[in-house]
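Engineer: pasting the structure only:
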């Protein structure tokens, strides 16, 4: 079932008092990323970002052609979340005053604060980026592993989902749609460099800002494709981060973690199939 960002609902207490959204910019940063899907050395380490403005294109006479842009990973092998992937691609992002970058309300300054969004129930609506955007006018979040041609709607927010190297991150503006009719980005998410039989894996900590207080628990969530076995292979530092070892459910699942000491912990998952790949998630315990 397509949920708008279910992780937000479980993170209200964590985000209380978050800082106001970063000011939006209106043009791609030419110093970051490049146009088109990731190629060369970036093909299997970067991620391709697609931003489809849908009905916003031409709204108020402002052209907004679909953006397809490579987001290189400056440190291949290290984790990045969906917001970092946008920023590394040179795409301007803005969050809400209520949630910060936990809920994005503008990409490349669209919808701007001055444009009228033709919501059926509120034709003159303007997005102020104060609270969560309405379910009838928001940026829906999608992903794909690059091996196929189909997008998957993400039930997790971009701040607490790690991107899949070689894959695609998609953003599509949903206007007057329902949970079952949100439009996927109109770009085929296929990366020719990705072998369809190779395993992929992604590990994420479910707390929106990946920070908890000592005594609290959190949930680690993993997804995979083409993996014959998944293993909780390591946590660093080795003590204090809670129990994380042994075989895990294929293709995906969750595990509750209860750290026993303050610190910054990195959890690693291993996926084995036609080759072996890894993913990490970081959690701060205060």
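Structural biologist: Happy to help now that I have it. Since the structure is predicted, the reported quantities are computational estimates derived from the model, not experimental observations.
Engineer: Low-confidence regions, the chain specifically.
Structural biologist: Within the chain, the ranges that satisfy pLDDT under 70 run 1-26, 208.
Engineer: longest helix anywhere in it?
Structural biologist: Ordering each helix of the chain by length in residues (DSSP state H) puts helix 82-88 first.
Engineer: Measure how far it is from the centre of its chain, please.
Structural biologist: 8 Å (Cα atoms, centre = their mean, to the nearest Å).
Engineer: Next SSE downstream of that helix?
Structural biologist: strand 93-96 (DSSP states H and E).
Engineer: buried set for the longest helix of the chain?
Structural biologist: For helix 82-88, a neighbour-count test (16 or more other Cβ atoms under 10 Å) marks 82, 83, 84, 85, 86, 87, 88 as buried. Yep, even glycine has a C-beta here, placed from its N, CA and C like the rest.
Engineer: so which of those residues comes closest to residue 107?
Structural biologist: Distance to residue 107 across the buried residues of helix 82-88 (Cβ to Cβ) is lowest for residue 86, with 7.2 Å.
Engineer: Tell me the spacing between the closest one and residue 106.
Structural biologist: Using Cβ to Cβ, to the nearest Å, we find residue 86 at a distance of 11 Å from residue 106.
Engineer: hey, what's in contact with both of those two?
Structural biologist: Common neighbours of residue 86 and residue 106, counting by Cβ atoms under 8 Å, 6 or more residues apart in numbering, are residue 93.
Engineer: okay, the buried residues of helix 82-88 in CSV with distance to residue 183 next?
Structural biologist: Shown next, in CSV, are these (distance: Cβ to Cβ, whole Å):
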residue, distance to residue 183
82, 18
83, 21
84, 25
85, 20
86, 19
87, 24
88, 25
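Engineer: you'd agree residue 140 is up against residue 179?
Structural biologist: No. Look at residue 140 against residue 179 with Cβ atoms under 8 Å: they stay out of range, at 9.8 Å.
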